[in-house]
Structures are given as structure tokens and as C-alpha cells.
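Chemist: I would like the atomic coordinates for the input below:
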Amino acid sequence: METRELRYFVAVAEELHFGRAAQRLGIAQPPLSRAIGGLERRLGAALLTRGSRGVALTEAGAVLLREARAALDAVEAAERRTRRAALAATGRPAVVLAAKAGASGELLAKLLDAYAAEPAAVAVDVVLCGPGEQAGVLRDGRADVALLHRPFDDTAGFDTEDLHTEGQVAILPAGHPLSVRAHLRLAEVTDLPDLPLPRWPRPDGTFPDGPGPQVRDHTQLTQLIALGRACAVVPESGRTELRDTLAAVPVIDAPRVTTVIAWPPHSRSTAVAGLVRVATAL
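Modeler: Here you go, the predicted model:
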């Protein structure tokens, strides 16, 4: 299969409409239909059902959609990493590290300082991401290595090393009645009618339903908490950056969070290997 065919199929599978898919791809509909038909004949499987009610994926089509997305991501990742390797050959080597904004700040600072002291260190470009974005940035090649957080981030398909495991705390406005408690339980935090939990965007950019405010970054969240409009449950290390207007209370039954350093299993980058070695020695 060619990458062009995979892009055509993904467009149709996501739009479930040949006309909209053709418009998205910037081509006419007849050659798109012929390309999909040719792909089905070569694979010996129907990928789509076409009827009066529209277009739908078959079971085989659902499998190809999943695999095609992964293959196209891999191609884009290879292109980006190749360009960075070409820059390194001209004397401008760098490794890109993705991390969640507002998380693991102390660990990240220690890692960068320790790596910079290495004899073979190269420049590290840090990409700060929104919640859950680091894995996608690593998969599509915009980053070479990332700090991820289980159980929240998807580490499937990466090589990983565990760096740190910690509990979680509730972030509340200073002066809230619960802010003086020695500890809380998760149900107590999630049931606060006056301080709803925030709603973070899904990968497609939409927000889940709920009473909490929509938030996109850590700064926005802390402002809303300080204003008495929300609360949050975050890893314990997040308390080091709190302002006086906020309080942190341990949540004893919240799932523990493990920070891992992750990289593509096929990576041959000596800079990535150096970062991983330094991170695991901290």
C-alpha cells in the first residue's frame, strides 16, 4: 500500500462521506472512489459499506483505519526526525523533550541541569504540552523523548523507564473549610458543589460534559481555583509551585502517579540515550 492510498482511505473513513473526503483532500470524487475500490480489490476485503443511509466502516475497515493512522504517524515522525538529524550533521544538534506544563517541574529542572553537565551533551529543546498531549507529540515525531505520567498518559508502543511515583493532592482555595484537613478522600473532592473539578479537552479538542469550567493549561486552572471557581487533584509534586492563595491537601485514596521517561523503541539517538541514562540516575 502507498501512503497516498492510506491518506485517501483515512479521509473517507473519518468523514464517512466521499464528497466531504474529496473536498478535504483537494481532489475530485471519482478518482477517490476508484482509489478506494482498487485498495479493496487488492486487499480482497470490503473496507466500507455504501448504501442509501451513507457510508460505514466494515470490521476490516476499522482495522485498517487504526493501522493506517499509526502508519501515517510513523511516516510523519520519520520525516521530522530525519530533518533534525540533518540539522545535527550541520553542527546544530538538538534533542526535543516533551513535558506537561505545570507537572514534574523540579524533576525536569534537575534532569536538564544534570544532562547539561555531561561531556557529550547537546542542546535540549523543551516542548511544554497540555494535559495528555505529550504522547501524541512523541508519536508524530515532534519530540524525541517525553516525560509521561501513568495512569493518565498512554505509554503503549514506547520504551520507558520509571522515574518517580507519588501520591496526589487536592488543590483548593486557601481558606476553604477543607484546606485545613490533614487528608481527604477522593469522593469528598469530587462531590464539592461549590468547587467542581475542571474539564480538560479531549484529543479532538472537545470538552466532556459536566459542571466544571473548561481549562486548557495549568495557569488558567490555578487562577480559577484561587477565585473559588474550581478545585483539582494533581500529583503531589505540583504543590511546590503553589501560590499563597492556594492550599494542597493529600488525597489518600487517589491513584498513585508514576512519572516515566519514554522514547520510540527504534531510536538510535545518542542524545536520547544520554537523557534516559541521566534521568534514571537522578
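
Chemist: where in the chain is pLDDT low?
Modeler: For the chain, the stretches flagged by pLDDT under 70 are 80, 84-93.

Chemist: select the longest helix from it.
Modeler: The helix spanning the most residues in the chain, taking DSSP state H as the definition, is helix 59-89.

Chemist: which other helices and strands does whichever helix or strand comes after it contact?
Modeler: Sequence-wise, the next helix or strand downstream of helix 59-89 (DSSP states H and E) is strand 94-100. Contacts defined by 3 or more C-beta pairs under 8 Å, 6 or more residues apart in numbering; DSSP states H and E place strand 94-100 against helix 59-89, strand 123-129, helix 134-139, strand 145-150, helix 270-281. Backbone N, C-alpha and C define where each C-beta goes, glycine included.

Chemist: buried stuff in strand 94-100?
Modeler: 95-100 (16 or more other C-beta atoms under 10 Å).

Chemist: dump it to PDB, keeping only the CA atoms.
Modeler: Extracted as PDB, the C-alpha positions of strand 94-100 are listed here (Å, rounded to 0.1, in the frame of the first residue of the first chain):
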ATOM      1  CA  ALA A  94      19.500  19.100  19.500                       C
ATOM      2  CA  VAL A  95      17.100  16.700  21.100                       C
ATOM      3  CA  VAL A  96      13.400  17.700  21.700                       C
ATOM      4  CA  LEU A  97      11.900  16.700  25.100                       C
ATOM      5  CA  ALA A  98       8.100  17.000  25.600                       C
ATOM      6  CA  ALA A  99       6.700  17.500  29.100                       C
ATOM      7  CA  LYS A 100       3.400  18.500  30.600                       C
END
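
Chemist: quick one: name whatever helix or strand follows it.
Modeler: Following strand 94-100 in sequence order, the next helix or strand is helix 105-116 (DSSP H and E).

Chemist: and stretch 2-20, what's buried?
Modeler: Applying 16+ other C-beta under 10 Å to stretch 2-20 flags 6-13, 15, 18 as buried.

Chemist: which members of these occur in strands, if any?
Modeler: Among the buried residues of stretch 2-20, DSSP state E puts none in strands.

Chemist: quick one, helices of the stretch 151-282 of the chain?
Modeler: Applying DSSP state H, counting those that start in this stretch to the stretch 151-282 of the chain gives helices spanning 186-190, 218-226, 270-281.

Chemist: now the residue of the chain most remote from its centre: how far from G37?
Modeler: Distance from the centre of the chain peaks at S52, with 38.1 Å (C-alpha atoms, centre = their mean). With distances taken as C-beta to C-beta, to the nearest Å, S52 is found 19 Å from G37.

Chemist: same question for A232.
Modeler: Following C-beta to C-beta, the distance that separates A232 from G37 is 51 Å.

Chemist: I171 too?
Modeler: According to C-beta to C-beta, I171 and G37 sit 55 Å apart.

Chemist: do the same with V75
Modeler: Distance of V75 to G37, given as C-beta to C-beta: 23 Å.

Chemist: do L57 as well
Modeler: 16 Å.

Chemist: pick out whichever of the two has more residues nearby.
Modeler: The residue with more neighbours, out of L57 and G37, is L57; 18 against 12, by other C-beta atoms under 10 Å.

Chemist: which phi and psi values does the more buried one adopt?
Modeler: For L57, the backbone dihedrals (degrees, to the nearest 10) come out as phi -80, psi 140.

Chemist: in contact with the closest residue to it other than its chain neighbours, which residues?
Modeler: Nearest-residue entry for L57: A13, 5.8 Å, with adjacent residues in sequence omitted and distances by C-beta to C-beta, 6 or more residues apart in numbering. With contact taken as C-beta atoms under 8 Å, 6 or more residues apart in numbering, A13 is in contact with 47-48, 57, 61, 64-65, 68.

Chemist: how about L108?
Modeler: 99, 126, 147.
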